[in-house]
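In: kindly generate the corresponding structure for this input.
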Amino acid sequence: MLSKSFKYPLLNNKEWLEDLYNNKKLSTVTIAELAGAKTANSARQALIRFGIPVRSSRESIIHNRIDEGFILDYP
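Out: Numbers count the residues shown, from 1 in each chain. Got it, this is the predicted structure:
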């Protein structure tokens, strides 16, 4: 039986979590903010609870990278 988050009901919605995390590629920090949670760990634990694979730190950096406007010009 899955435990539930009583403080953050949105974190009990597997489809919502999958959509934001897998389809929209949002971070656990952003998902936690949307759910009203204080830390990203709440979102991370919800993903784990539903068996949704959590991205590694490296994958998170790649998905959440902000374009810094650098252009590399190779000859």
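In: residue 20 touches residue 31, doesn't it?
Out: Yes: taking C-beta atoms under 8 Å as the definition, residue 20 is a contact partner of residue 31 at 5.3 Å. From N, CA and C alone the C-beta is placed, and that goes for glycine too.
In: return the distance of the longest helix anywhere in the chain from the chain's centre.
Out: Determined from DSSP state H, the single longest helix within the chain is helix 40-49. Put simply, helix 40-49 sits 8 Å off its chain's centre (C-alpha atoms, centre = their mean, to the nearest Å).
In: what does stretch 42-62 give?
Out: Worked out by C-alpha atoms, centre = their mean, stretch 42-62 lies 6 Å from the chain centre.
In: what mean pLDDT does that stretch have?
Out: Averaged over stretch 42-62, pLDDT sits at 86.
In: go through that stretch and flag the buried ones.
Out: 42, 43, 44, 45, 46, 47, 49, 50, 55 (16 or more other C-beta atoms under 10 Å).
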